[in-house]
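> need coordinates for the below:
(one chain, ligands or ions: 2)
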Amino acid sequence: MEIRNCPQCGKVFAYIRRNLCPDCMQKEEELFQVIRDYICNHPGSTVLSVAENTGIKEEIILRFLREGRLESSSVLLADSQLTCEMCGRSISSGKLCEKCANKLRKGFTGETKEDKKEESQDHKPKVYTLDRIKDNR
Ligand SMILES: [Zn+2]
Ligand SMILES: [Zn+2]
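Numbering: from 1, shown residues only. Ligands and ions are numbered 1, 2, ... in the order given. Here you go, the predicted structure:
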């Protein structure tokens, strides 16, 4: 058994499957029921309209979607709902668009650097890496 602090209320609890204490899980379950009921009655709603009409934060609804608890087909994910945290482009999942995720992985901070990098790669053919592989074998 693992003891954790609840990320919502800070209370210590025994981690089982979800990173929430039983109290917050219960609250979240209630929210989930409300959202599910609303979507049942208003199929094709956007996340925003669900949030507005249920009073539940968009991020909570989005989290249910990400966790797969709500069928994304029953809620229209408006383009503006899931956006890249870096460039604001609409994305279908996660926090960053593919471009920014790649950029982050490579450690780039600016976009102009990317072009320069590509140029310099042309001047350095990677032939020697092939030789190295041969030597190792
Ligand atoms: Zn809690
Ligand atoms: Zn982006």
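> got the residues of this protein near ligand 2?
84, 86, 87, 89, 97, 100 (C-beta under 5 Å from the ion). For the C-beta atoms, the positions are set from N, CA and C on the backbone; glycine is no exception.
> how near is the spatially most central residue of the chain to ligand 1?
The centroid of the chain falls nearest to residue 94 when counting by C-alpha atoms, centre = their mean (2.3 Å). To ligand 1, residue 94 is 25 Å away according to C-beta to the ion, to the nearest Å.
> that residue contacts residue 100, correct?
No: assessed by C-beta atoms under 8 Å, residue 94 is found out of contact with residue 100, at 10.2 Å.
> just to revisit the earlier point, quick check, pLDDT for the residue nearest to the centre of the chain.
pLDDT recorded at residue 94 is 76.
> using PyMOL, define a selection of the buried residues within the residues of the chain next to ligand 2.
To isolate the buried members of those in PyMOL, using 16 or more other C-beta atoms under 10 Å:
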select buried, resi 84+97+100
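> which stretches in this structure count as strands?
2-5, 12-15, 45-46, 75-76 (DSSP state E).
> now do the first one: distance to the chain's middle.
Just to be clear, that refers to strand 2-5. Distance of strand 2-5 from the chain centroid (C-alpha atoms, centre = their mean, to the nearest Å) equals 24 Å.
> and for residue 40, the neighbour number?
9 (other C-beta atoms under 10 Å).
> state which helix of the chain is the longest.
helix 22-41 (DSSP state H).
> let me know whether that one sits next to ligand 1.
Yes: between helix 22-41 and ligand 1, judged by C-beta under 5 Å from the ion, the touching residues are residue 24.
> list the contacts of that helix.
6, 8-9, 11, 13, 18, 20, 45, 50, 53-54, 56, 60-61, 64, 69-70, 74-75 (C-beta atoms under 8 Å, 6 or more residues apart in numbering).
> redo the residues of the chain next to ligand 2 as CSV? Include distance to ligand 1 and pLDDT.
Below are the residues of the chain next to ligand 2 laid out as CSV (distance: C-beta to the ion, whole Å; pLDDT from 0 to 100):
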residue, distance to ligand 1, pLDDT
84, 30, 78
86, 30, 83
87, 34, 84
89, 34, 76
97, 32, 84
100, 32, 88
